[in-house]
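> my questions concern the predicted model and sequence given below.
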Number of protein chains: 2
Amino acid sequence: MSDTDKQQQYGHLVIIGGHEDRKREMEILTRFVELSGGADANIVVLTAASTIPDDMWSIYDEAFGNLGVTRRSHLELTSRQDANSEEFVRQIDEATGIFMTGGDQKRLLALIGGSALDAAMHVALKTRGATIGGTSAGASAMSGHMLAQGRAETLPEKGSVSLGAGLGFLHRVVIDQHFSERQRLSRLLTVVAQNPYLQGIGIDEDTALVVAPGRGIEVLGAGAVTIVDGRTMITNVADIKDRDTPELIDVRLHLLPAGSSYQLPSVSHEAGKGLPPPLLDFLENVTKRNPIQ
Amino acid sequence: MSDTDKQQQYGHLVIIGGHEDRKREMEILTRFVELSGGADANIVVLTAASTIPDDMWSIYDEAFGNLGVTRRSHLELTSRQDANSEEFVRQIDEATGIFMTGGDQKRLLALIGGSALDAAMHVALKTRGATIGGTSAGASAMSGHMLAQGRAETLPEKGSVSLGAGLGFLHRVVIDQHFSERQRLSRLLTVVAQNPYLQGIGIDEDTALVVAPGRGIEVLGAGAVTIVDGRTMITNVADIKDRDTPELIDVRLHLLPAGSSYQLPSVSHEAGKGLPPPLLDFLENVTKRNPIQ
C-alpha cells in the first residue's frame, strides 16, 4: 500500500461553528458530502446532542437530500443501550460520512462516550476514511478535552469554564463555536489560561475548519477560525482566587478567515513554503493521525 | 539636579477607559488627584471633546470637590481662538493636573490640536511634572496616532477604522476605550493589522493605565488593559480587498487586570526581576520621556 493510500484510509474532520447554511449555497455541507463520497456517500446523522432529534433530522434529511445524497439515515439513539447495540454500530460501520448535529455536547458524550458506537466512529475515521462532521455541540465534542460549559464574560475569569471528556478525534486542543458572534474569546482565554497544554480553537458560525489528517487544514464558509496558543504565556492564574481575572502575558493569537488553507511541509516542498512558522506546530498537532485507542 | 528630581519633573499619564466611578470609591480619580498634588492640586478640566461641556464640568466639579480639591476649574474652550488665547494657556500653565473628559476625540483635536494650549500641555507634562488624565475620548486623544473612528464588528475588517493625529503624549501606540464592554478587540486588531508599527492598547471601563514616565506602569480600577502587538505578525492585509477579513498569524496578546504593576529594570534590580520579557519593549515605549517638539 502506498503512503497516499494510507492517508486516504484516514478520514477528514469537518468542524463547524454552528448555524451553517442548510438552504442556499450550502458551501460547508457540500464539502462534507464531497469528502464523504459525493453521490455514493452514505451519510448517518447523529442527533443525540439534541433534545429535539426528529426536528434536527428533518433539517439535515432535507439538506443532504437537496445535495443529491440518496443514502442518508438518522441514527436515532436515545440511550447508552442504543450506543452499545449492534444495530446502531452497524449503521456507523456502513457510513462514509457521520454528521453530529448541535444541541449539548455534554448530553452527546453522556450518551455515547466510551460506547461501542464511539469506538466504531474511531474505526470509521481511522481505518475506512469516513468523514466526520460536527456543528456547534457536535464540533466541541470532537476534541479529547471538551469545553463542557462556562459563561462568556467580558473578561477571562478563573474557574468559570469546565471541561469534560470529548470524543478524542483531535488532541491537545479545545474547540469553541458560535465564536465571534457570541464573543467567546474571554471564555476560550479562560480555558487556555488554566490549561496551557490545550490550544484554543474558536470557530465562527457558518464557518468550518476542515482537517485533512497528515496533510493540512482549510477554513470554509462565512467567518473565521481563531486560534489562541498559551504555551509560552506567563500568567498568575495559579495564584489568584476563583472568579478573578488572570494576568496573561504573551498569548499567541491567529485569525484564519474563510479561504485560508495550509498544508504541512511534508506534503510537498511547495506547500511548506507558504506555511508561517508559528502555525507549523498547530498544523502538525491537528493533522496528526491518532491511533485507535 | 538629581536623576530623581528630573524624573519628578516629568508627569504621569492616567489613561482611563471611560465610565470611571465618580460617586463612590473613586479609586481612579483619587489616584489622579494624588498624582496632581493632593490637597495642593490645581486641577483644570478640559471638556472640549464634549458637546455638553457644562454638564461634564458639573460632574467633575462635584467629584474633585468631594476628593478635597479646592483649586479646580473648568477650561471652557469652544474655539481654536480660545485654544490660542493667553487666558486659557495661563490656566494650563498653573495646573498641576489636567483632566480631559469624554466626548469625541476628533472634536477635541479639531479644537486644540497644534494650538498654544496643546503646546502648554506638553510643557506642563514634561517640564513641570503635571499629571494628565483622560477618560474615553480623552484617553484615545493621548497618543500620537489616534483611533478616530471605526466600527467594532465581530471580525477585523480591512479599511473599517480610521486614524487621526492625537496629542502625542505617547507614541507607537493606539488607544481604544470601553474596550471589553463594547467588544472592541476586532476593531483594535484591524488597526494593528494595517499599522503594525503601533501597539494596540484597549482599556476597559472604570479602569486606568497609569504611566509613570521613566519608571513603569500600573493598572487600576475594575477591569483590565489588553495589549495587542503585531510587530512579528504575518498577515495578508496588504493583498486583500477593503471590508475583507485579514488573516493574522502570531499576534501577541497581553491582558493586564487591575492590580498589575510593572517597573522598568533600570528603576531597580528587584523591579526588573518581575518583568516578563515580552512586556519589556511595551514598557520601554510607553514610559519613554518624549521631548517637547
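All right, it came through fine.

> write out the residues of chain A neighbouring chain B.
When proximity is defined by Cβ under 8 Å from any Cβ of the partner chain, chain A lies next to chain B at A:154-156, A:180-181, A:183, A:185-186, A:189, A:204, A:223-224, A:228, A:234, A:244-257, A:260, A:276, A:278-279. C-beta coordinates here come from the backbone N, C-alpha and C atoms, glycine included.

> now list the buried members of these.
Those of the residues of chain A next to chain B that meet the buried threshold are A:154-156, A:180-181, A:183, A:185-186, A:189, A:204, A:223-224, A:228, A:244-257, A:260, A:278-279, by 16 or more other Cβ atoms under 10 Å in any protein chain shown.

> from the residues of chain A next to chain B, which ones fall inside helices?
Per DSSP state H, helices hold the following members of the residues of chain A next to chain B: A:Leu185, A:Ser186, A:Leu189, A:Pro278, A:Leu279.

> is it possible to get CSV of the residues you listed that adds distance to B:Phe64 and pLDDT?
Below are those laid out as CSV (distance: Cβ to Cβ, whole Å; pLDDT from 0 to 100):
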residue, distance to B:Phe64, pLDDT
A:Leu185, 37, 96
A:Ser186, 34, 96
A:Leu189, 37, 97
A:Pro278, 48, 89
A:Leu279, 51, 93
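
> contacts only, for the spatially closest residue to A:Ala224 that is not a sequence neighbour.
Distance criterion Cβ to Cβ, 6 or more residues apart in numbering or on different chains; nearest residue to A:Ala224, sequence neighbours excluded, is A:Pro257 at 4.2 Å. Contacts for A:Pro257 (Cβ atoms under 8 Å, 6 or more residues apart in numbering or on different chains) come out as A:Val219, A:Gly223, A:Ala224, B:Leu155, B:Asp244, B:Thr245, B:Pro246, B:Glu247.

> for the fifth one, grab phi and psi.
When read as degrees, to the nearest 10, the backbone of B:Asp244 gives phi -80, psi 160.

> give me the next element, helix or strand, following the one helix or strand in chain A whose mean pLDDT sits lowest.
The least trusted helix or strand in chain A, going by mean pLDDT, DSSP states H and E, turns out to be helix A:3-8, with a mean of 48. Where DSSP states H and E defines the elements, the next helix or strand beyond helix A:3-8 is strand A:13-16.

> I'd like the mean pLDDT over the helix or strand just after that next one, please.
Later in the chain than strand A:13-16, the nearest helix or strand by DSSP H and E is helix A:27-35. Helix A:27-35 carries an average pLDDT of 98.

> next, the buried residues of helix A:27-35.
For helix A:27-35, by 16+ other Cβ under 10 Å, it's A:Glu27, A:Ile28, A:Leu29, A:Thr30, A:Arg31, A:Phe32, A:Val33, A:Leu35.

> with stretch A:169-180 instead?
A:Phe169, A:Leu170, A:Arg172, A:Val173, A:Val174, A:Ile175, A:Asp176, A:Gln177, A:His178, A:Phe179, A:Ser180.

> show the model's pLDDT score for A:Met1.
Model confidence at A:Met1, given as pLDDT, is 40.

> and what of A:Ala165?
Looking at A:Ala165, its pLDDT reads 95.

> tell me how many other residues crowd the closest residue to A:Gln9 other than its chain neighbours.
Excluding the flanking residues, the one nearest A:Gln9 by Cβ to Cβ, 6+ apart is A:Gly129, at 4.9 Å. When neighbours are counted by other Cβ atoms under 10 Å in any protein chain shown, A:Gly129 registers 20.

> for the nearest residue to A:Ala39 once chain neighbours are set aside, give its distance to chain B.
The shortest distance from A:Ala39 to any non-neighbouring residue, by Cβ to Cβ, 6+ apart, is to A:Gly68 (5.8 Å). Distance, A:Gly68 to chain B, using Cβ to the nearest Cβ, to the nearest Å: 31 Å.

> same question, A:Val225
A:Val225 sits 10 Å away from chain B, going by Cβ to the nearest Cβ.

> that residue and A:Ile201 touch, don't they?
Yes. Between A:Val225 and A:Ile201 there is a contact under Cβ atoms under 8 Å: 6.4 Å.

> mean confidence for stretch A:117-132?
The pLDDT scores in stretch A:117-132 average 97.

> now do the buried residues in that stretch.
In stretch A:117-132, counting by 16+ other Cβ under 10 Å, buried: A:117-122, A:124-126, A:129-132.

> now intersect those with the helices, please.
Using DSSP H, those in helices are A:Leu117, A:Asp118, A:Ala119, A:Ala120, A:Met121, A:His122, A:Ala124, A:Leu125, A:Lys126.

> returning to that earlier point: from what I can see the residue nearest to A:Gln9 touches A:Leu13, true?
No. Here A:Gly129 lies out of contact with A:Leu13, judged by Cβ under 8 Å, at a distance of 11.9 Å.

> re earlier: tabulate the contacts of A:Pro257 (TSV), appending pLDDT and distance to A:Leu111.
Listed next are these as TSV, based on pLDDT from 0 to 100; distance: Cβ to Cβ, whole Å:
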residue	pLDDT	distance to A:Leu111
A:Val219	98	30
A:Gly223	97	29
A:Ala224	98	31
B:Leu155	95	34
B:Asp244	96	41
B:Thr245	96	37
B:Pro246	96	41
B:Glu247	96	38
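
> burial count for the closest residue to chain B within the stretch 1-150 of chain A?
Proximity of the stretch 1-150 of chain A to chain B (Cβ to the nearest Cβ) peaks at A:Gly17, 11.7 Å away. Neighbour count for A:Gly17, taken as other Cβ under 10 Å: 32.

> now do it, the pLDDT please.
At A:Gly17, pLDDT is 98.

> pLDDT weak spots in the stretch 151-293 of chain A?
A:269-273 (pLDDT under 70).

> list the contacts of A:Tyr10.
A:Leu125, A:Lys126, A:Gly129, A:Pro213, A:Gly214, A:Arg289.

> and which of those is nearest B:Glu87?
Checking those against B:Glu87 by Cβ to Cβ gives A:Pro213 as the nearest, at 73.7 Å.

> please tell me how far that closest one sits from A:Gln293.
Counting by Cβ to Cβ, to the nearest Å, the separation of A:Pro213 from A:Gln293 is 16 Å.

> mind listing what the longest strand that chain A contains pairs with, with the direction of each?
Secondary structure of chain A per DSSP state E: the longest strand is strand A:248-257. Partner strands for strand A:248-257, per DSSP bridges, with pairing direction: strand A:224-229 (antiparallel), strand A:234-235 (antiparallel), strand B:248-257 (antiparallel).

> now the ones you listed in CSV, with distance to B:Phe64?
As requested, the strands paired with strand A:248-257 are exported to CSV (distance: least, Cβ to Cβ, whole Å):
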stretch, distance to B:Phe64
strand A:224-229, 41
strand A:234-235, 37
strand B:248-257, 27
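
> of the ones you listed, which is nearest A:Glu284?
Nearest of the strands paired with strand A:248-257 (Cβ to Cβ): strand A:224-229, 12.9 Å.

> residues in contact with the closest one?
Applying Cβ under 8 Å, 6+ apart, the contact partners of strand A:224-229 are A:179-180, A:185, A:188-189, A:192, A:199-204, A:207, A:209, A:219, A:251-258, A:260, A:278, A:282, B:155, B:245, B:253.
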